[in-house]
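Asks: I would like to see how this sequence folds:
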Amino acid sequence: MKVLLYSEGLKAIGKSGLGKAINHQIKALESQNISYTLNPNDDYDILHINTYFPKSYFFAKKAKKNGKKIVYHAHSTEEDYKNGFIFAKSTSKLFKKWLIKCYCLGDVIVTPTPYSKRLLKGYKGLENKTIYDVSNGIELDFFKKDEKLGEKFRKRYGYTKNDKIVFGIGLYIERKGIVDFVELAKRLPEYKFIWFGYSPLMFATRNVKKAVKTKLDNLTFAGYVEQDMIKGAMNGGDLYLFPTLEETEGIPIIEACACMKDAIIRDIPIFDDWLIDGKNVYKAKNVDEFEKKIKDFFEGKLPSVAKESYEVAKERDIKNVGIKLKQIYESLYKNEKK
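Replies: Coordinates of the predicted model:
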């Protein structure tokens, strides 16, 4: 059994959450010794397709015509698209129709969480599709506590041992909550705020452009950095802030859990059931609640829940992801051979 992992425009999406998810997918397959190829010209038994661009659609359509079994990975939904870039809200219905057209080509669909599975099951045309929820996973062996890397992070950005650092991660899009992140930096000048991630501002909404251009003594936009520095922030920062408005999973919060870092996240449905307020994270619904909980955390009114958060990451280790994908592939392969 050989799997073709097909991802159109991988270089372009390499620095995004999707690019990271695809990289995790490769490592998940390797952890289970699953034979795979990235070359669409190679022979293969199962097509596992990650992208929904036109070339991807026609490639999947041709594969289906040739009798190949298809796993279509649903990394995106209308819900996480419409609060992103400029014009996204006005085009979200068309985007949804296109996603359905693509995902329908799959013999099965894989999506990162039970939440995104429920969304897809609610789309007309996907109600009767077989959909599996499989986490994008995390490299548990890579993301772990590392005090020296934490010190390196503080030194690189000029922070002292006494600075209280709040950090965020994401593209320059409204959905990631960057506007609220900047507002909180304005309200809380006694703390340091740093945001990792980058995307061209020409595609950003007016609110995001204004936020990113904000100049504050306690606010830093670090841009895109390599994984080592994200790991450094996870270890050297004091609090991970994830004010995202919508996700299909949210890999950075799992990375924070792996590093046993306290986090305050937005209270939205995607995080129900696995991230519990007061147990392994803290949650807030709006800017005022975020402000209060950040203050309460640094003033010692909210105890650390960092150790409890580790179990969240442990469950989503890449090795476990590989086991689940292997089961899906083998099921399709056996049916193909009947």
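Asks: thinking residue 295 is in contact with residue 188, fair?
Replies: Yes: Residue 295 is within contact range of residue 188, at 7.2 Å (criterion: C-beta atoms under 8 Å). No exception for glycine: its C-beta is placed from N, CA and C like everyone else's.
Asks: Those two: which has the busier surroundings?
Replies: residue 188 (18 against 15; other C-beta atoms under 10 Å).
Asks: Now do the contacts for that one.
Replies: 166, 218, 291, 294, 295 (C-beta atoms under 8 Å, 6 or more residues apart in numbering).
Asks: So which of the residues you listed sit within strands?
Replies: residue 166 (DSSP state E).
Asks: Okay, now the unreliable bits of the stretch 201-338 of the chain?
Replies: 336-338 (pLDDT under 70).
Asks: Show me the strands in it, by range?
Replies: 219-223, 239-242, 263-266, 282-284 (DSSP state E, counting those that start in this stretch).
Asks: Just put those in a markdown table and tack on mean neighbour count.
Replies: Formatted as a markdown table, those follow (neighbours: other C-beta atoms under 10 Å):
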| stretch | mean neighbour count |
| --- | --- |
| strand 219-223 | 17 |
| strand 239-242 | 24 |
| strand 263-266 | 23 |
| strand 282-284 | 21 |
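Asks: Export those as a markdown table, with columns for distance to residue 231.
Replies: Output for the strands of the stretch 201-338 of the chain, formatted as a markdown table (distance: least, C-beta to C-beta, whole Å):
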| stretch | distance to residue 231 |
| --- | --- |
| strand 219-223 | 14 |
| strand 239-242 | 12 |
| strand 263-266 | 15 |
| strand 282-284 | 22 |
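Asks: Residue 273: which of these is closest?
Replies: strand 282-284 (12.6 Å; C-beta to C-beta).
Asks: What strands line up against that closest one, and which way round?
Replies: strand 263-266 (parallel) (DSSP bridges).
Asks: Kindly export the strand it pairs with (C-alpha atoms) in PDB.
Replies: Provided in PDB are the C-alpha atoms of strand 263-266 (Å, rounded to 0.1, in the frame of the first residue of the first chain):
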ATOM      1  CA  ALA A 263      -2.700  30.200  28.100                       C
ATOM      2  CA  ILE A 264      -5.800  32.300  27.800                       C
ATOM      3  CA  ILE A 265      -7.900  31.500  24.800                       C
ATOM      4  CA  ARG A 266     -11.100  32.800  23.300                       C
END
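Asks: Please name whichever of the strands of the stretch 201-338 of the chain is nearest to residue 120.
Replies: strand 263-266 (21.7 Å).
Asks: Find the nearest non-adjacent residue to residue 320, please.
Replies: residue 137 (7.3 Å; C-beta to C-beta, 6 or more residues apart in numbering).
Asks: hmm, back to that, so for residue 208, which of the strands of the stretch 201-338 of the chain sits nearest?
Replies: strand 219-223 (11.6 Å).
Asks: Dump that closest one to PDB, keeping only the CA atoms.
Replies: Listed next in PDB are the C-alpha coordinates belonging to strand 219-223 (Å, rounded to 0.1, in the frame of the first residue of the first chain):
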ATOM      1  CA  LEU A 219       4.400  45.900  21.500                       C
ATOM      2  CA  THR A 220       6.600  43.900  19.100                       C
ATOM      3  CA  PHE A 221       5.700  42.400  15.700                       C
ATOM      4  CA  ALA A 222       8.400  39.700  15.300                       C
ATOM      5  CA  GLY A 223       7.200  38.600  11.800                       C
END
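Asks: Summarise which helices and strands that strand is packed against.
Replies: Counting contacts by 3 or more C-beta pairs under 8 Å, 6 or more residues apart in numbering; DSSP states H and E, strand 219-223 is packed against strand 192-196.
Asks: Quickly run through the sheet partners of the strand it packs on, with directions.
Replies: strand 165-169 (parallel), strand 219-223 (parallel).
Asks: which residues sit against the last one?
Replies: Strand 219-223 is contacted by residues 157, 182, 185, 192, 193, 194, 195, 196, 197, 198, 212, 229 when judged by C-beta under 8 Å, 6+ apart.
Asks: Show the contacting residues for residue 38.
Replies: Applying C-beta under 8 Å, 6+ apart, the residues contacting residue 38 are 4, 5, 6, 7, 26.
Asks: Could you tell me the model confidence score at the first one?
Replies: Taken from the predicted model, the pLDDT recorded for residue 4 is 96.
Asks: How many neighbouring residues does it have?
Replies: For residue 4, using other C-beta under 10 Å, the count is 22.
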